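Enquirer: when you get a sec, could you give me coordinates for this:
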Amino acid sequence: MDGNRRWAKKRLLPAALGHASGAKRVRTIVESCIRSDIAHLSLFAFSTENWRRPPEEVSVLMNLFASYLQKEVDEMESNGVCLKVVGDKSKFSPELQDLILRAEEQTQHNTKITLRVAANYGGRWDFVQAAQSWQRANLGLGIDQLTEAQLAPFLSTAGAPEMDLLIRTGGESRVSNFMLWQAAYAELFFIDTLWPDFSAKQFNEALEWFSKRDRRFGSAAPF
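Expert: Numbering: from 1, shown residues only. Next up, the predicted model:
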């Protein structure tokens with residue numbers, strides 16, 4: 001979800017208002033997914049690298065995350081949204097960790113859509129923590145015995161299907177350490193629109209583009 005700060009700068013507004021506008025856009029896209037019978041949506045909210053931002057901006061983002069959890073969890077529950085926060089949650093304040101836990105518990109039985117919010121997440125971190133978790137669970141085995149199938153259940157997204165479509169807003173053409181394992185065969189859709197302006201119409205255009213892709217997963221194209 002890229003472009004919140006640039007959206008605010010273009011309007012001579014503080015970055016905090018850009019992030020707040022971006023948070024409001026989440027509901028629009030979740031609702032679009034539900035209408036399109038999309039069962040899994042993952043959003044990159046805060047990366048492991050985002051701690052490098054100015055402390056005041058990080059503070060705004062943490063407060064916004066806490067506010068979102070408090071204000072939206074009842075709506076998510078009533079709309080069938082199962083919330084999962086993936087990432088290293090130990091870095092967050094105890095208060096924010098508690099809000100995350102309560103929101104996940106309150107929505108855990110919902111089945112209409114699973115919304116994964118990646119917070120303090122990085123694809124490389126996910127590899128490392130998965131390997132470490134596998135090793136702790138298999139103390140008698142050497143790392144040379146680790147296979148893809150054995151590692152997958154220890155990833156932060158264990159149990160989720162592999163990613164089909166990755167959308168990045170904001171005009172950048174890179175994945176920026178987002179779910180590197182999960183996106184191995186994803187179709188990549190880049191759009192210049194800044195996240196707070198990313199509409200349901202544009203989301204549907206991305207789905208239409210995806211529906212026309214020839215997905216071969218490494219196999220040969222038919223003659």
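Enquirer: spell out the residue ranges of the strands in this structure.
Expert: 40-47, 81-86, 113-121, 165-168, 187-190 (DSSP state E).
Enquirer: can you list the low-confidence ranges for the chain?
Expert: Filtered on pLDDT under 70, the chain yields the residue ranges 219-223.
Enquirer: hang on, the earlier thing: tabulate the strands of the chain (CSV), appending mean neighbour count and distance to Arg53.
Expert: All C-beta atoms are positioned from the backbone trio N, CA, C, and that covers glycine. Shown next, in CSV, are the strands of the chain (neighbours: other C-beta atoms under 10 Å; distance: least, C-beta to C-beta, whole Å):
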stretch, mean neighbour count, distance to Arg53
strand 40-47, 20, 10
strand 81-86, 21, 19
strand 113-121, 22, 13
strand 165-168, 18, 19
strand 187-190, 16, 23
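Enquirer: phi, psi for the closest residue to Thr48 other than its chain neighbours please.
Expert: Of all residues not flanking Thr48 in the chain, Gly122 sits nearest, at 3.7 Å (C-beta to C-beta, 6 or more residues apart in numbering). In terms of degrees, to the nearest 10, the main-chain angles of Gly122 are phi -150, psi 140.
Enquirer: Gly122 and Ala130, how far apart?
Expert: Here the distance between Gly122 and Ala130 works out to 12 Å (C-beta to C-beta, to the nearest Å).
Enquirer: kindly report the same for Ser47.
Expert: Taken as C-beta to C-beta, the span from Ser47 to Ala130 is 17 Å.
Enquirer: one step back: neighbours around the residue nearest to Thr48, how many?
Expert: Other residues lying near Gly122 total 22 when counted by other C-beta atoms under 10 Å.
Enquirer: what does Ser173 give?
Expert: Neighbour tally, Ser173, other C-beta under 10 Å: 7.
Enquirer: test my guess that it contacts Asp192.
Expert: No: using C-beta atoms under 8 Å, Ser173 is not in contact with Asp192; the gap is 10.2 Å.
Enquirer: for Arg102, which of the strands of the chain is the nearest?
Expert: Closest of the strands of the chain to Arg102 is strand 81-86, at 10.3 Å (criterion: C-beta to C-beta).
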